[in-house]
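Q: coords below, sequence missing:
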């Protein structure tokens, strides 16, 4: 599942990088479906970071990988 998550993050990454940010995968717990990521660069300190995490990263991961149940910040 980690490889699938990395592939989806690679699709999202250009959008974040266009705003000066990025996303880094920290861990994947296949038993619980929990993915931990860190938003870096401009996204790491942005007031909208939580919204980006849930509405962009989590939504895309859940849409493409049904095993993903939640995405949380590391």
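A: Cool, the structure landed. If you're wondering where the values come from, they're calculated on a predicted model, not measured in any experiment.
Q: which SSE is immediately downstream of the lowest-mean-pLDDT helix or strand in the chain?
A: Using mean pLDDT, DSSP states H and E, helix 49-52 stands out as the lowest-scoring helix or strand of the chain, at a mean of 90. Counting by DSSP states H and E, the next helix or strand C-terminal to helix 49-52 is helix 59-64.
Q: need the residues that contact that next one.
A: 4, 5, 8, 9, 11, 12, 35, 68, 69, 71 (Cβ atoms under 8 Å, 6 or more residues apart in numbering). The way it works is simple: take the backbone N, C-alpha and C, and place the C-beta from them, glycine included.
Q: what average pLDDT does it get?
A: Mean pLDDT, computed over helix 59-64, is 97.
Q: could you list the buried residues of it?
A: Within helix 59-64, the residues that count as buried by 16 or more other Cβ atoms under 10 Å are 60, 61, 62.
Q: show residues contacting the helix or strand following it.
A: For helix 59-64, the following helix or strand on the C-terminal side (DSSP H and E) is strand 70-73. Contact partners of strand 70-73, identified using Cβ under 8 Å, 6+ apart, comprise 33-39, 49-50, 53-54, 57-58, 61.
Q: please apply the same query to stretch 42-56.
A: With contact meaning Cβ under 8 Å, 6+ apart, stretch 42-56 is reached by 12, 15-16, 19-23, 37-39, 71, 73.
Q: closest to residue 29 out of these?
A: Nearest to residue 29 among the contacts of stretch 42-56, counting by Cβ to Cβ, is residue 71 at 11.3 Å.
Q: number of residues surrounding that closest one?
A: For residue 71, the neighbour count with other Cβ atoms under 10 Å is 21.
Q: and it, bridged to which residues?
A: residue 35 (DSSP bridges).
Q: spatially central residue for the protein, please.
A: residue 57 (4.0 Å; Cα atoms, centre = their mean).
Q: which residues touch that one?
A: Counting by Cβ under 8 Å, 6+ apart, residue 57 has contacts 9, 12, 23, 37, 71.
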